[in-house]
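Undergrad: What shape does this take:
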Amino acid sequence: MNHMRGDNITINIIGAGNLGFHLAKILGDAPNVKVNGIYSRELKNALAAAAYCEAKAFDKLEDFPTSELVIVAVPDNEITNTVEELSKLNNEHNPLVVHTAGVMSSEVIAPFYKRYGTFYPLQTFTKTKPVEWNKIPLCIDASNNEDKELLKAVGSRISRTLYELSDKQREHLHVCAVLANNFVNHLYNLTFDHCKEIEIDPSILYPLIQLTTKKAIENGPHVSQTGPAVRGDSQSIEKHLQLISDNAELTDIYKLFTDLIIKKHTT
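TA: The predicted model follows:
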(Lines give C-alpha, C1' and ligand atoms only; values in the text may rest on other atoms or scores of the structure.)
Protein backbone atom coordinates (compact mmCIF):
# COMPACT_ATOMS: atom_id res chain seq x y z
CA MET A 1 0.00 0.00 0.00
CA ASN A 2 1.93 3.03 -1.29
CA HIS A 3 0.16 6.26 -0.49
CA MET A 4 2.70 8.47 -2.23
CA ARG A 5 1.52 7.45 -5.70
CA GLY A 6 -1.46 9.75 -5.64
CA ASP A 7 -4.32 7.63 -4.29
CA ASN A 8 -6.67 9.40 -1.87
CA ILE A 9 -6.30 8.87 1.86
CA THR A 10 -9.65 9.03 3.65
CA ILE A 11 -9.67 10.73 7.04
CA ASN A 12 -12.16 11.41 9.82
CA ILE A 13 -11.53 14.06 12.47
CA ILE A 14 -12.99 13.77 15.97
CA GLY A 15 -13.00 17.15 17.65
CA ALA A 16 -13.56 20.60 16.17
CA GLY A 17 -11.80 22.76 18.74
CA ASN A 18 -8.76 24.88 17.95
CA LEU A 19 -6.62 22.05 16.57
CA GLY A 20 -9.44 20.07 14.93
CA PHE A 21 -10.61 23.23 13.18
CA HIS A 22 -7.17 23.94 11.72
CA LEU A 23 -6.63 20.28 10.76
CA ALA A 24 -9.88 20.40 8.80
CA LYS A 25 -8.75 23.55 6.98
CA ILE A 26 -5.31 22.26 6.00
CA LEU A 27 -6.38 18.70 5.16
CA GLY A 28 -9.18 20.11 3.04
CA ASP A 29 -6.51 21.70 0.85
CA ALA A 30 -4.02 18.82 0.96
CA PRO A 31 -3.53 16.85 -2.27
CA ASN A 32 -4.96 13.33 -2.46
CA VAL A 33 -6.63 13.58 0.94
CA LYS A 34 -10.37 13.26 1.50
CA VAL A 35 -11.90 14.24 4.84
CA ASN A 36 -15.11 12.23 5.12
CA GLY A 37 -16.48 13.48 8.41
CA ILE A 38 -15.90 15.77 11.37
CA TYR A 39 -17.42 15.11 14.77
CA SER A 40 -18.04 17.51 17.62
CA ARG A 41 -20.47 17.40 20.51
CA GLU A 42 -21.42 20.90 19.35
CA LEU A 43 -22.76 20.50 15.82
CA LYS A 44 -22.11 24.15 14.99
CA ASN A 45 -18.40 23.59 15.59
CA ALA A 46 -18.35 20.53 13.37
CA LEU A 47 -20.23 22.43 10.65
CA ALA A 48 -17.79 25.34 10.79
CA ALA A 49 -14.81 23.03 10.39
CA ALA A 50 -16.44 20.81 7.77
CA ALA A 51 -17.13 23.82 5.56
CA TYR A 52 -13.41 24.08 4.86
CA CYS A 53 -12.96 20.54 3.62
CA GLU A 54 -16.34 19.63 2.11
CA ALA A 55 -16.84 16.97 4.77
CA LYS A 56 -20.02 15.97 6.57
CA ALA A 57 -20.54 17.25 10.12
CA PHE A 58 -21.75 15.04 12.96
CA ASP A 59 -22.67 15.41 16.62
CA LYS A 60 -23.37 11.69 17.09
CA LEU A 61 -20.55 9.14 16.76
CA GLU A 62 -22.96 6.41 15.70
CA ASP A 63 -23.53 8.32 12.45
CA PHE A 64 -19.82 8.71 11.71
CA PRO A 65 -18.62 7.38 8.32
CA THR A 66 -15.70 4.98 7.91
CA SER A 67 -12.21 6.07 6.85
CA GLU A 68 -8.69 4.74 6.70
CA LEU A 69 -7.38 7.22 9.29
CA VAL A 70 -9.15 8.69 12.33
CA ILE A 71 -7.54 11.71 14.00
CA VAL A 72 -8.74 12.20 17.57
CA ALA A 73 -8.25 15.87 18.42
CA VAL A 74 -10.03 16.14 21.76
CA PRO A 75 -8.80 17.19 25.23
CA ASP A 76 -6.41 14.69 26.81
CA ASN A 77 -8.86 13.55 29.47
CA GLU A 78 -11.45 12.67 26.81
CA ILE A 79 -9.25 10.58 24.50
CA THR A 80 -9.72 7.14 26.09
CA ASN A 81 -13.49 7.43 26.48
CA THR A 82 -13.89 8.80 22.95
CA VAL A 83 -11.86 6.00 21.37
CA GLU A 84 -13.68 3.37 23.43
CA GLU A 85 -17.06 4.76 22.39
CA LEU A 86 -16.01 4.83 18.75
CA SER A 87 -14.77 1.23 18.85
CA LYS A 88 -18.12 -0.03 20.15
CA LEU A 89 -19.90 1.60 17.23
CA ASN A 90 -17.47 0.55 14.54
CA ASN A 91 -16.30 -2.98 15.30
CA GLU A 92 -16.05 -4.33 11.74
CA HIS A 93 -13.85 -1.56 10.36
CA ASN A 94 -10.14 -1.44 11.24
CA PRO A 95 -8.89 2.14 10.76
CA LEU A 96 -5.64 3.62 11.98
CA VAL A 97 -6.63 5.70 15.03
CA VAL A 98 -4.25 8.41 16.26
CA HIS A 99 -4.47 11.13 18.86
CA THR A 100 -2.91 14.59 18.78
CA ALA A 101 -1.93 14.93 22.45
CA GLY A 102 1.60 15.72 23.52
CA VAL A 103 1.74 14.02 26.89
CA MET A 104 -0.57 11.00 26.40
CA SER A 105 0.81 7.60 25.44
CA SER A 106 -0.42 6.11 22.19
CA GLU A 107 -1.04 2.93 24.20
CA VAL A 108 -4.33 4.38 25.49
CA ILE A 109 -5.76 3.47 22.07
CA ALA A 110 -4.33 -0.05 22.00
CA PRO A 111 -7.14 -1.78 23.97
CA PHE A 112 -9.64 -0.69 21.34
CA TYR A 113 -7.78 -0.67 18.00
CA LYS A 114 -4.98 -2.81 16.60
CA ARG A 115 -3.74 0.09 14.50
CA TYR A 116 -2.89 3.15 16.58
CA GLY A 117 -0.44 6.00 16.86
CA THR A 118 0.11 9.72 17.31
CA PHE A 119 -0.11 12.78 15.08
CA TYR A 120 1.21 15.66 17.19
CA PRO A 121 1.83 19.13 15.73
CA LEU A 122 4.20 21.11 17.95
CA GLN A 123 2.40 24.45 17.96
CA THR A 124 -0.22 26.40 19.85
CA PHE A 125 -3.52 26.84 18.01
CA THR A 126 -6.32 29.41 18.09
CA LYS A 127 -9.24 29.27 15.67
CA THR A 128 -8.96 32.94 14.71
CA LYS A 129 -5.17 32.86 14.22
CA PRO A 130 -3.88 31.77 10.78
CA VAL A 131 -1.47 28.82 10.84
CA GLU A 132 1.61 28.28 8.66
CA TRP A 133 1.44 24.51 8.61
CA ASN A 134 4.48 24.10 6.40
CA LYS A 135 6.62 25.49 9.24
CA ILE A 136 5.10 23.41 12.05
CA PRO A 137 7.09 20.36 13.25
CA LEU A 138 4.80 17.34 13.00
CA CYS A 139 5.61 14.41 15.30
CA ILE A 140 4.26 11.02 14.29
CA ASP A 141 4.42 7.41 15.41
CA ALA A 142 2.40 4.25 14.82
CA SER A 143 2.15 0.68 16.03
CA ASN A 144 3.55 -0.76 12.77
CA ASN A 145 5.83 0.39 9.98
CA GLU A 146 3.14 0.43 7.29
CA ASP A 147 1.02 2.83 9.33
CA LYS A 148 4.07 4.99 10.04
CA GLU A 149 4.41 5.38 6.28
CA LEU A 150 0.72 6.29 6.06
CA LEU A 151 1.17 9.05 8.65
CA LYS A 152 4.29 10.27 6.87
CA ALA A 153 2.31 10.43 3.65
CA VAL A 154 -0.39 12.55 5.30
CA GLY A 155 2.07 14.65 7.28
CA SER A 156 4.30 15.44 4.32
CA ARG A 157 1.32 16.95 2.52
CA ILE A 158 0.82 19.61 5.18
CA SER A 159 4.26 20.15 6.76
CA ARG A 160 7.88 20.30 5.60
CA THR A 161 9.19 19.01 8.94
CA LEU A 162 8.33 15.51 10.16
CA TYR A 163 9.74 13.76 13.21
CA GLU A 164 9.22 10.12 14.11
CA LEU A 165 9.19 10.18 17.91
CA SER A 166 8.46 7.50 20.48
CA ASP A 167 5.89 8.08 23.19
CA LYS A 168 8.62 8.88 25.72
CA GLN A 169 10.35 11.35 23.39
CA ARG A 170 7.10 13.12 22.54
CA GLU A 171 6.03 13.31 26.18
CA HIS A 172 9.34 14.93 27.14
CA LEU A 173 9.02 17.25 24.16
CA HIS A 174 5.67 18.36 25.54
CA VAL A 175 7.35 19.27 28.84
CA CYS A 176 9.85 21.35 26.87
CA ALA A 177 7.03 23.02 24.96
CA VAL A 178 5.28 23.98 28.21
CA LEU A 179 8.52 25.45 29.59
CA ALA A 180 9.32 27.39 26.41
CA ASN A 181 5.80 28.52 25.63
CA ASN A 182 3.40 28.49 28.56
CA PHE A 183 5.87 29.37 31.30
CA VAL A 184 7.61 32.07 29.28
CA ASN A 185 4.24 33.52 28.31
CA HIS A 186 3.27 33.70 31.99
CA LEU A 187 6.46 35.65 32.66
CA TYR A 188 5.39 38.07 29.93
CA ASN A 189 2.01 38.34 31.64
CA LEU A 190 3.57 39.23 34.99
CA THR A 191 6.02 41.62 33.34
CA PHE A 192 3.35 43.45 31.34
CA ASP A 193 1.19 43.77 34.45
CA HIS A 194 4.10 45.32 36.34
CA CYS A 195 4.73 47.76 33.49
CA LYS A 196 1.11 48.88 33.62
CA GLU A 197 1.29 49.34 37.40
CA ILE A 198 4.12 51.83 36.95
CA GLU A 199 2.36 53.43 33.96
CA ILE A 200 4.69 52.22 31.23
CA ASP A 201 3.35 50.80 27.96
CA PRO A 202 4.55 47.15 27.77
CA SER A 203 5.25 47.59 24.05
CA ILE A 204 8.52 49.24 25.08
CA LEU A 205 9.75 45.68 25.77
CA TYR A 206 8.85 44.24 22.35
CA PRO A 207 12.23 44.84 20.64
CA LEU A 208 14.04 43.31 23.63
CA ILE A 209 11.77 40.25 23.62
CA GLN A 210 12.21 39.77 19.88
CA LEU A 211 16.00 40.08 20.02
CA THR A 212 16.25 37.74 23.03
CA THR A 213 14.33 35.05 21.14
CA LYS A 214 16.40 35.61 17.98
CA LYS A 215 19.69 35.29 19.87
CA ALA A 216 18.55 32.17 21.73
CA ILE A 217 17.66 30.49 18.42
CA GLU A 218 20.74 31.61 16.49
CA ASN A 219 23.43 31.39 19.18
CA GLY A 220 21.94 29.15 21.85
CA PRO A 221 20.44 30.30 25.16
CA HIS A 222 23.50 29.54 27.29
CA VAL A 223 25.93 31.84 25.47
CA SER A 224 23.18 34.44 24.99
CA GLN A 225 22.46 34.81 28.72
CA THR A 226 22.89 38.38 29.98
CA GLY A 227 21.78 40.31 33.07
CA PRO A 228 22.89 40.97 36.63
CA ALA A 229 22.79 37.31 37.73
CA VAL A 230 25.26 36.07 35.11
CA ARG A 231 27.48 39.11 35.80
CA GLY A 232 27.39 38.55 39.54
CA ASP A 233 26.01 42.06 40.06
CA SER A 234 24.64 41.67 43.59
CA GLN A 235 23.99 45.40 43.98
CA SER A 236 21.53 45.47 41.06
CA ILE A 237 19.89 42.25 42.24
CA GLU A 238 19.25 43.71 45.70
CA LYS A 239 17.88 46.91 44.18
CA HIS A 240 15.49 44.95 41.97
CA LEU A 241 14.24 42.93 44.93
CA GLN A 242 13.56 46.13 46.85
CA LEU A 243 11.56 47.53 43.93
CA ILE A 244 9.28 44.49 43.72
CA SER A 245 9.16 43.67 47.43
CA ASP A 246 5.41 44.32 47.57
CA ASN A 247 4.77 41.64 44.94
CA ALA A 248 5.38 38.21 46.47
CA GLU A 249 4.95 36.30 43.19
CA LEU A 250 7.45 38.43 41.29
CA THR A 251 9.87 38.33 44.21
CA ASP A 252 9.77 34.52 44.41
CA ILE A 253 10.27 34.15 40.67
CA TYR A 254 13.08 36.72 40.60
CA LYS A 255 14.95 34.94 43.41
CA LEU A 256 14.42 31.50 41.87
CA PHE A 257 15.65 32.47 38.41
CA THR A 258 18.55 34.49 39.80
CA ASP A 259 19.74 31.48 41.80
CA LEU A 260 19.30 29.15 38.82
CA ILE A 261 21.23 31.45 36.46
CA ILE A 262 24.08 31.86 38.93
CA LYS A 263 24.27 28.09 39.43
CA LYS A 264 24.15 27.40 35.68
CA HIS A 265 26.96 29.82 34.88
CA THR A 266 29.29 29.03 37.76
CA THR A 267 29.41 25.26 37.45
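
Undergrad: could you list every residue that touches Glu164?
TA: Glu164 sits next to Cys139, Ile140, Asp141, Lys148, Lys152 when contact means Cβ atoms under 8 Å, 6 or more residues apart in numbering. Bear in mind the C-beta positions are built from the backbone N, C-alpha and C, glycine included.

Undergrad: one more time with 10 Å, if that's ok
TA: By Cβ atoms under 10 Å, 6 or more residues apart in numbering, Glu164 lies in contact with Cys139, Ile140, Asp141, Ala142, Lys148, Leu151, Lys152, Gly155, Arg170.

Undergrad: ok, now how distant is it from Asn145?
TA: 10 Å (Cβ to Cβ, to the nearest Å).

Undergrad: what does Ser166 give?
TA: Distance, Ser166 to Asn145, by Cβ to Cβ: 14 Å.

Undergrad: Now His265. Nearest residue, chain neighbours left out?
TA: Excluding the flanking residues, the one nearest His265 by Cβ to Cβ, 6 or more residues apart in numbering is Val230, at 5.0 Å.

Undergrad: isn't the one you found right up against Ile261?
TA: Yes - Val230 is in contact with Ile261 according to Cβ atoms under 10 Å; the separation is 5.7 Å.

Undergrad: re the thing from before, Ser166 and Asn145: which has the busier surroundings?
TA: Per other Cβ atoms under 10 Å, whichever of Ser166 and Asn145 has more neighbours is Ser166, with 13 against 8.

Undergrad: The more buried one reaches Tyr120, doesn't it?
TA: No - the criterion here is Cβ under 10 Å, and Ser166 misses it with Tyr120 at 11.7 Å.

Undergrad: anything in contact with each of these two?
TA: Shared contacts of Ser166 and Tyr120 (Cβ under 10 Å, 6+ apart): Ser106, Cys139, Asp141.

Undergrad: Now flag whichever of those residues is closest to Leu208.
TA: Lowest distance from Leu208 to the shared contacts of Ser166 and Tyr120 (Cβ to Cβ) belongs to Cys139, with 31.4 Å.

Undergrad: pretty sure that closest one is in a strand, no?
TA: Yes - counting by DSSP: H, G, I helix; E, B strand; the rest coil, Cys139 is found in a strand.

Undergrad: Tell me how many other residues crowd it.
TA: The number of residues packed near Cys139 is 23, by other Cβ under 10 Å.

Undergrad: And Gln210, by the same measure?
TA: Neighbours around Gln210, by other Cβ under 10 Å: 10.

Undergrad: for whatever helix or strand Tyr254 lives in, which positions count as buried?
TA: Secondary structure from DSSP states H and E places Tyr254 in helix 248-264. Buried residues in helix 248-264, counted by 16 or more other Cβ atoms under 10 Å: Leu250, Thr251, Tyr254, Thr258, Ile261, Ile262.
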